[in-house]
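Here is a sequence with its predicted model. Questions after.
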Amino acid sequence: MDFLYTFGPTAIGIIASLSIAAYCWKRVRAASLTVIAWFAVSLGVSQFAFFPESQASELEALIRFTIFGTFAFGPAAVLIFMSLKITKFKSALEKIPTSVLVLTQGYRIGGVFLILAFLRGDLPAEIGLVSGFMDVTVAITAVALVFMMRRNKSVSPRLVIVWAVFSLADFGWATIVKFATFFGVLELSTPSSMLGNPPLAIISLFALPLGIFVSVYVALRAQKELSLMRPDN
């Protein structure tokens, strides 16, 4: 069990990044190389404990928290901006079906490692159980949604939006809890610091920003499809 907990998050990240890279290789080769490079950098950075057990000064703790937040949310912000403003990037994304984008979130089955962290006493229930089960639910519903979309191409974009909103709610919950505990607004029986330490840090640095981007992008695409379906258009 210790071996699974230690190397499982990284293994899922490797499978996810290689799968995405393989799919994009003949379609958008730059995306393949970018995903591999992004995962490699994330893996390297994730070996650093952003929140060590030793006591740190308030300034050092704030600096570590800021750096962690930048690595966790910065890539998502950049990708969302590029998908809205960069023509070449927008064109490349348009080549990828919504079903494929949704399917990438199958890696969220990695939520089982958050549950394991809770069982080991490394994470509080508010994250280990709540976010863990939400992640697993997102992964299972992603596969189910893709199955529906492949069998019935007329699946309502509203269903995609609902799925994407739930996916983002998962990230939102974990983020709110993390911020609230760091700034002393919320006290938990177990610290949430393991989200920024090995072996779970790779989830925060790779799976989280990629998941945020995919969820936002497919929601915007589905909303656009809904607007085109309106009678006045």
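Right, received. Where do you want to start?

Point out where the protein drops to low pLDDT.
Scanning the chain for pLDDT under 70 picks out 231-233.

quick one, helices of it?
2-24, 29-45, 58-85, 87-94, 98-103, 111-120, 125-128, 130-151, 157-182, 201-202, 208-229 (DSSP state H).

Tell me which of these is the most buried.
Comparing the helices of the chain by mean neighbour count (mean count of other C-beta atoms under 10 Å), helix 201-202 ranks first with a mean of 26. (Each C-beta comes from the backbone N, C-alpha and C, glycine too.)

Next, report how far that one is displaced from the centre of its chain.
Distance, stretch centre to chain centre, for helix 201-202: 11 Å (C-alpha atoms, centre = their mean, to the nearest Å).

So which elements touch that helix?
Contact here means 3 or more C-beta pairs under 8 Å, 6 or more residues apart in numbering; DSSP states H and E; on that basis helix 201-202 packs against helix 2-24, helix 29-45.

any idea how far the nearest residue to residue 178 once chain neighbours are set aside lies from residue 173?
With sequence-adjacent residues excluded and distances taken as C-beta to C-beta, 6 or more residues apart in numbering, residue 178 is closest to residue 192, at 5.4 Å. Separation of residue 192 from residue 173 (C-beta to C-beta, to the nearest Å) stands at 12 Å.

what does residue 36 give?
Distance from residue 36 to residue 173, by C-beta to C-beta: 30 Å.

need the contact list for the most centrally placed residue in the chain.
Nearest to the mean C-alpha position of the chain, by C-alpha atoms, centre = their mean, lies residue 208 at 2.5 Å. Each residue near residue 208 by C-beta atoms under 8 Å, 6 or more residues apart in numbering is listed here: 72-73, 76, 171.

Kindly report the same for residue 17.
Residue 17 sits next to 35-36, 38-39, 206 when contact means C-beta under 8 Å, 6+ apart.
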